[in-house]
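S.K.: Show me how the following folds:
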Amino acid sequence: MARPQRVAIFLSFSGDGGVEHMMVNLAGAIARLGVEVDLVRARVDGGHADRIPEGVRVVDLEARHTWSSLPGLARYLRRERPDALLAAKDRANRIALRARKLAGAPSCLAVRLGNNLSQSLEGKSRVRRWLRTLPMRRAYHKADAVIAVSEGVAEDTAGITGLPRSAIHVLPNPVVTPALEDRAAEEAEHPWMELRTEDDSARILAVGRLNRQKDFPTLLEAFARLREQRPARLVILGEGPDREELEGLAARLGITESLDMPGFTDNPYPYMRRADLFVLSSAWEGSPNALTEALALGTPVVSTDCPSGPREILEDGRYGPLVPVGDPAALSEAMAATLEDPLPTDFLRSGGNRYRDAESARRYLEVLGITP
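M.R.: A predicted model of the protein is given here:
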């Protein structure tokens, strides 16, 4: 009797980011399709590390850093010989390619990229950009498949690696899970997210790390403009290095009493369901999962037209307005218009259908050569 097919997913759990979130979702969806899944972790840090779906086996390499996981990953491949290996994040991708060579394992190996690297390197020196991208040019052609989370990321990856665009697969993130609705039904545990507020203020939500990529200063300036027109309150879920700067900007704009930044939460979905508007103000993305989740929960959305992902998710503005990056006036106008005339809830929910985890898992398995 032939042994069941097995897929290994290799990455470093180094925080509460979207990559860890999506790979946990993908592992669970693959397991539900009847394929054995090993979640092979270089490091274990962050809230997603504890969220292991039923049917997924965890293999901890107990490495201090992604680079030091190379011997452990090679031993795992030599011992377990999975039918396919999926690596996520650039460092893990390159370690996986080296480990397969060391192990002599014939596993199909796919590498996944989830961000627009060129945009994240904007403003860096030419030498620093070269040092960051040269290893990718040298390594990625050795993979059996290269996966990008959006068309924009695929085009960017082709430009960086020299691979033909036709060689890069664009696969949807496994964002919408069976548990999403259940988690959204829990309490938001925030007084501003009650079903009604005393002054009927609009409840606006943003989610993301407090850093340069998310461009929350533009959101704060847009929110201050909106407050001149109508009562509103803004909650930003996330933590990061720019907290002090954002708090200072809020004070200068006079919006401190209408803004709350309670930090990271592992369940933002009750907030999303109760919000009147979800806003993505990013300067760049790969395929922003929070935007997709808000859509799937039927929450009206506004987004910057940043590279890459929002235009694809919102289908050129069909599911919500797209505004230029770094333009608080345009963002404020779009927020006001959407609050005044939101799209129907069921229509918004339909926008998330392409990102259901089962469909995403099937497409990943197809690229990995696995038949569930």
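S.K.: List the buried residues of stretch 154-169.
M.R.: Neighbour counts using 16 or more other CB atoms under 10 Å place 154-158, 160-161, 163, 168-169 of stretch 154-169 among the buried residues. Where you see a C-beta, it was placed from the backbone N, CA and C, and this is true even at glycine.
S.K.: Among the residues you listed, which one lies nearest to residue 264?
M.R.: Nearest to residue 264 out of the buried residues of stretch 154-169 is residue 156 (CB to CB; 27.6 Å).
S.K.: and the closest one, what are its phi and psi?
M.R.: phi -60, psi -40 (degrees, to the nearest 10).
S.K.: contacting residues for it?
M.R.: Contacts here follow CB atoms under 8 Å, 6 or more residues apart in numbering; on that basis residue 156 touches 116-119, 307-308.
S.K.: Quickly name whichever of those is closest to residue 178.
M.R.: The nearest one, if we look at the contacts of residue 156 relative to residue 178 and count by CB to CB, is residue 308, at 27.6 Å.
S.K.: number of nearby residues for the closest one?
M.R.: Residues lying near residue 308 (other CB atoms under 10 Å) number 24.
S.K.: other SSEs contacting the helix or strand of the chain with the lowest mean pLDDT?
M.R.: For the chain, counting by mean pLDDT, DSSP states H and E, helix 117-120 ranks last in confidence among helices and strands (a mean of 82). Helices and strands touching helix 117-120, by 3 or more CB pairs under 8 Å, 6 or more residues apart in numbering; DSSP states H and E, are helix 151-161.
S.K.: re the thing from before, could you dump the helix or strand that comes right after the least confident helix or strand of the chain to PDB, C-alpha only?
M.R.: Remark: after helix 117-120, the chain's next helix or strand is helix 126-139, criterion DSSP states H and E. The C-alpha coordinates for helix 126-139 follow below in PDB (Å, rounded to 0.1, in the frame of the first residue of the first chain):
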ATOM      1  CA  ARG A 126      22.400  50.900  -5.000                       C
ATOM      2  CA  VAL A 127      24.900  48.700  -3.200                       C
ATOM      3  CA  ARG A 128      22.400  47.700  -0.600                       C
ATOM      4  CA  ARG A 129      19.800  46.900  -3.200                       C
ATOM      5  CA  TRP A 130      22.300  44.900  -5.200                       C
ATOM      6  CA  LEU A 131      23.300  42.900  -2.100                       C
ATOM      7  CA  ARG A 132      19.700  42.100  -1.400                       C
ATOM      8  CA  THR A 133      18.600  41.000  -4.800                       C
ATOM      9  CA  LEU A 134      21.800  39.300  -6.200                       C
ATOM     10  CA  PRO A 135      21.300  36.100  -4.100                       C
ATOM     11  CA  MET A 136      17.800  35.800  -5.500                       C
ATOM     12  CA  ARG A 137      19.000  36.100  -9.100                       C
ATOM     13  CA  ARG A 138      21.500  33.300  -8.400                       C
ATOM     14  CA  ALA A 139      19.200  31.000  -6.400                       C
END
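S.K.: Provide a list of residues in contact with residue 165.
M.R.: Contacts of residue 165 by CB under 8 Å, 6+ apart are 154-155, 158.
S.K.: Ignore what I typed, I meant residue 324.
M.R.: Here residue 324 is in contact with 304-305, 330 (CB under 8 Å, 6+ apart).
S.K.: what's the answer for residue 314, then?
M.R.: Neighbours of residue 314 in contact, by CB under 8 Å, 6+ apart: 291, 295, 301, 303, 320, 322, 351.
S.K.: So which of the residues you listed belong to helices?
M.R.: 291, 295 (DSSP state H).
S.K.: Now intersect the contacts of residue 314 with the strands, please.
M.R.: Among the contacts of residue 314, DSSP state E puts 301, 303, 322 in strands.
S.K.: and the gap between the first one and residue 332?
M.R.: Taken as CB to CB, to the nearest Å, the spacing of residue 301 relative to residue 332 amounts to 15 Å.
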